[in-house]
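# Whatever this is, show me its structure:
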Amino acid sequence: MEALPELRVLVLKSNKFDGNMSLASRSNLPFPKLQVLDISENKFVGSLPQKYFKNFRAMMDMKENQTDGDYDYFSIYVEMIINLKGLDQLLKRLLEDFTIIDLSSNKFSGTIPHSIGNLNSLRYLNLSHNNLMGHIPASLGNISVLESLDLSSNKLDGGIPSELTSLTFLAKLNLSMNDLVGQIPQSTQFSTFENDSYVGNLRLCGVPLTRKCNEENGQRMQPEEEEDEPRWLVEFFFGVGYTYKKKKKKKTRKRATPTHRRS
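Modelled structure (predicted):
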């Protein structure tokens, strides 16, 4: 399929395809005009296909890579069912400005390559439900027209890059079920996202979460009083549903020793 230079839409979702997409390519410029890549809900393994991210010319400055003939022929609506924050939604868009990469629900591992930030005409990016690790690359902030970003249900760590606050068109954000830490960046756009965008990241803090941050380092503040025994440990020994009282540290006061006067 890499030998199809005019291919614009490739949808292989919900099959049983497997294999490694990061193997050596036979083409110098694979998929130069591809605008839609959806291989979600398969069994692909290995690292994300960085070789494609570097060559998706139609997702880099799309208008500059289109000819007049392309515009006339492809000025039609494309209808696709895409997954936005866990919900399948029917999307109708003009193909001339519609770009999406959906690699969700596979078995991809490794890190998210910085080169994906070069796709500055990309509008929908879904890498959720894989085994991706490492930090969220700050280069994602370069995708200025990005409307939906879903990195949920991976093993990502580190903080949320402040560069993402420059994504003024971002309408959907899902970073839930990772291991992200620190304060959630604040901006006009980020103020529109609710708790479900961050749920499952136990070390995140700041608005819209109820967890407050330490002013010095932006980390989550620990509660003043901790339970002597974690709940899971108590339930392990005594069974689920066991009711126990939270132990509090009590300050002991020294009693004055009575003195006897000698007569």
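
# Wait, a helix at residue 96?
Yes - under DSSP: H, G, I helix; E, B strand; the rest coil, residue 96 sits within a helix.

# Need the pLDDT of it.
Per-residue confidence at residue 96 stands at 72 (pLDDT).

# just residue 117 next, same as before
For residue 117, the pLDDT comes out at 94.

# for the closest residue to it other than its chain neighbours, helix, strand, or coil?
For residue 117, ignoring the flanking residues on the chain, the nearest one in space by C-beta to C-beta, 6 or more residues apart in numbering is residue 139 at 2.6 Å. Backbone N, C-alpha and C define where each C-beta goes, glycine included. Under three-state DSSP, the three-state class of residue 139 is helix.

# Thought residue 120 was touching residue 139, still the case?
No - taking contacts as C-beta atoms under 8 Å, residue 139 lies outside contact range of residue 120: 10.1 Å.

# More neighbours: those two, which one.
Between residue 139 and residue 120, counting by other C-beta atoms under 10 Å, residue 139 is the more crowded of the two (17 against 14).

# Quick check: that one vs residue 165, distance?
14 Å (C-beta to C-beta, to the nearest Å).

# and what of residue 153?
For residue 153 relative to residue 165 (C-beta to C-beta), the value is 23 Å.

# Over to residue 117?
In terms of C-beta to C-beta, residue 117 sits 15 Å off from residue 165.

# do residue 101 as well
The gap separating residue 101 from residue 165 is 22 Å, by C-beta to C-beta.

# neighbour-wise, which of residue 117 and residue 165 wins?
Legend: neighbour count by other C-beta under 10 Å for residue 117 and residue 165, higher for residue 117 (19 against 16).

# pretty sure that one is in a helix, no?
Yes - under three-state DSSP, residue 117 sits within a helix.

# Any figure for the gap between the residue nearest the centre of the chain and residue 131?
Computing the C-alpha centroid of the chain and ranking residues by C-alpha atoms, centre = their mean puts residue 151 first, at 2.0 Å. Using C-beta to C-beta, residue 151 is found at 12 Å from residue 131.

# what's stretch 23-30 in contact with?
The contact list for stretch 23-30 (C-beta atoms under 8 Å, 6 or more residues apart in numbering) reads 2-3, 5, 51-52, 55, 57.

# Averaged pLDDT, it. What do you get?
82.

# how far does that stretch stretch from start to finish?
For stretch 23-30, the first-to-last residue distance is 13 Å (C-alpha to C-alpha, to the nearest Å).

# Just the buried positions in that stretch, please.
By 16 or more other C-beta atoms under 10 Å, the buried positions in stretch 23-30 come out as residue 30.

# distance of the residue nearest to the centre of the chain from residue 25?
25 Å.

# can you check residue 44 too?
Residue 44 is 15 Å from residue 25, by C-beta to C-beta.

# repeat for residue 43
Where residue 25 is concerned, residue 43 sits at a distance of 21 Å (C-beta to C-beta).
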